[in-house]
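[1] After the sequence you'll find the predicted model.
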Amino acid sequence: MNKTFGLPDAIYRYLLSESLREPEILHKLREETAKDPMARMQIAPEQGQFMALLVQLICAKKCIEIGVFTGYSSLCVALALPFDGKIIACDVSKDWTQIARRYWQEAGVVQKIDLRLAPALKTLDALLAENQAGTFDFAFIDADKENYLAYYECCLKLLRRGGLIAIDNTLWSGRVAEPDNHETETVALREFNSKLHHDQRITLSLLPIADGLTLALKL
């Protein structure tokens, strides 16, 4: 089960019992995804609820998601958006996103989600070429770690001032804090975290929720 790592099981169970308000449709999607060999890629339910709260706090209407998987995170955000809200969702997998489409349809939010099946950088570059810079409110990055910095730079251009980027897996189960760990993804995340720490274009917070969630508010 995907959960906030480092929490004792008893405390985690208490957190869920006293905080999580997961709609049945999200629970069903999470249960189906748990059967997939790559289920670890799905965000934790407490993270999804937190992201939905963030979207509501900033009154977001126009969002980007990089990395859809089976659609749990996009469904969390879509349910929190107003009726005329929109998510441009980027992924390359037809199989996984077929599951996502089914649940978006069942939840009644399919009209809010514009799925782009293409390499995310191609989609982001196209949005910039269409003069959409500065028009988005919220972005969520949860895809291949080596491209995190490139995704972040594009999203920062696409976001309005006061827009928010959320980036998943930035604690990487603690591996980023292991100086002798030179795995490609770990090194990429460690360098990404350092870059954002020194980026004066944003207000920054790296939160120990789920597998580490970095929030970057565009100044």
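    Arrived safely. Numbers count the residues shown, from 1 in each chain.

[2] Run through the residues that contact residue 213.
    47, 50, 166, 167, 168, 170, 206, 207 (Cβ atoms under 8 Å, 6 or more residues apart in numbering). Yep, even glycine has a C-beta here, placed from its N, CA and C like the rest.

[3] from those residues, which ones fall inside helices?
    47, 50 (DSSP state H).

[4] Relative to residue 156, which of the contacts of residue 213 is nearest.
    residue 167 (11.3 Å; Cβ to Cβ).

[5] Could you list which residues are in contact with the spatially most central residue of the chain?
    In the chain, the residue lying closest to the centroid (Cα atoms, centre = their mean) is residue 140, at 3.6 Å. Neighbouring residues of residue 140 by Cβ under 8 Å, 6+ apart: 51, 63, 64, 65, 66, 67, 73, 77, 165, 166, 167, 168.

[6] now the contacts of residue 213 in TSV, with neighbour count and distance to residue 15?
    TSV is the format used below for the contacts of residue 213 (neighbours: other Cβ atoms under 10 Å; distance: Cβ to Cβ, whole Å):
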residue	neighbour count	distance to residue 15
47	25	12
50	20	11
166	24	19
167	24	22
168	26	19
170	24	20
206	17	19
207	15	14
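
[7] The residue in the chain sticking out farthest from the centre: what secondary structure?
    Most distant residue from the mean C-alpha position of the chain: residue 180, 27.9 Å away (Cα atoms, centre = their mean). Secondary structure state of residue 180, per DSSP: H, G, I helix; E, B strand; the rest coil, is coil.

[8] Give me the local confidence score for it.
    pLDDT, the model's per-residue confidence, is 97 for residue 180.

[9] ditto for residue 1
    51.

[10] returning to that earlier point: can you tell me which of the contacts of residue 213 end up in strands?
    Among the contacts of residue 213, the ones falling in strands (DSSP state E) are 166, 167, 168, 206, 207.

[11] just curious, which of these is nearest to residue 147?
    Among these, and counting by Cβ to Cβ, the member closest to residue 147 is residue 167, at 11.8 Å.

[12] which residues does that closest one contact?
    Contacts of residue 167 (Cβ under 8 Å, 6+ apart): 140, 141, 142, 148, 152, 192, 213, 214, 215, 216.

[13] Ok, residue 26 next?
    Contacts of residue 26 by Cβ under 8 Å, 6+ apart are 45, 48, 72, 75, 76, 79.

[14] What's the local residue count around the second one?
    The criterion is other Cβ atoms under 10 Å. On that basis, residue 48 has 25 neighbouring residues.

[15] So what does residue 214 have for phi and psi?
    phi -90, psi 130 (degrees, to the nearest 10).

[16] Quick check: the gap between it and residue 69.
    19 Å (Cβ to Cβ, to the nearest Å).
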